[in-house]
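> 3D model of this:
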Amino acid sequence: MLWDGSSIELFACSPDRERIGHVFGNIPIGHVFLTPADGQQPARGYITEGNDAKAHEDIRVMSQTDADGYTLCALVPLRLLALDPTMRRFLFEAQITTGFRNDQKQQRATLFASDAAYQDASSFALARL
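Have a look, this model is predicted:
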């Protein structure tokens, strides 16, 4: 599974999700995965479709390894995060997952303490463009 390795996950949604989305359930949370280069595999960006993640060519990702892990840079179109590109405000969360190593167990952390960002935006931060 993609989310079992090193990755950065980005989540976003309209602020309306927290106001009315729980009632109607029709305001999605956008979710993309960003993975660093690994061996012969290049850095990539993925979108989620149900329980699957599929590489998406419109997400541009670069990564570089260093002594502490890696540095990753990405350009993600807002539409791939379920956002209207004209929105000036949206809710946002990021999750970092470390991969497995022989001497370390996998770790996950979010910027704004979300427990399940893929389905609950209540801890997301408000972002402004």
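
> any idea which strand is longest in this structure?
Longest strand of the chain, by residue count under DSSP state E: strand 89-97.

> helices and strands around the very next helix or strand once past that one, which ones?
Moving toward the C-terminus from strand 89-97, the next helix or strand (DSSP states H and E) is strand 108-110. Other helices and strands packing on strand 108-110, by 3 or more C-beta pairs under 8 Å, 6 or more residues apart in numbering; DSSP states H and E, are strand 89-97. For glycine as for every other residue, the C-beta is placed from the backbone atoms N, C-alpha and C.

> give me the distance from the strand it packs on to the chain's centre.
Chain-centre distance of strand 89-97: 7 Å, with C-alpha atoms, centre = their mean, to the nearest Å.

> now do it, average pLDDT.
Average pLDDT, strand 89-97: 93.

> do the same with stretch 46-56
88.

> quick one on the thing from earlier: list the strands paired with the longest strand of the chain, with their directions.
With DSSP bridges as the test, strand 89-97 is paired with strand 7-13 (antiparallel), strand 108-110 (antiparallel), strand 125-128 (antiparallel).

> so for the last one, what gets flagged as buried?
In terms of neighbour count (16 or more other C-beta atoms under 10 Å), strand 125-128 has no buried residues at all.

> beyond the worst-scoring helix or strand of the chain on mean pLDDT, next helix or strand please.
Least confident helix or strand, the chain: helix 22-24 with a mean of 59, by mean pLDDT, DSSP states H and E. Next in sequence after helix 22-24, counting helices and strands by DSSP H and E, comes strand 30-35.

> on that earlier part again, between the strands paired with strand 89-97, which gets the lowest average pLDDT?
Across these, strand 108-110 gives the lowest mean pLDDT, at a mean of 90.

> now do that one: everything it contacts.
93-98, 117, 123 (C-beta atoms under 8 Å, 6 or more residues apart in numbering).

> quick one: buried residues of that strand?
Thr110.
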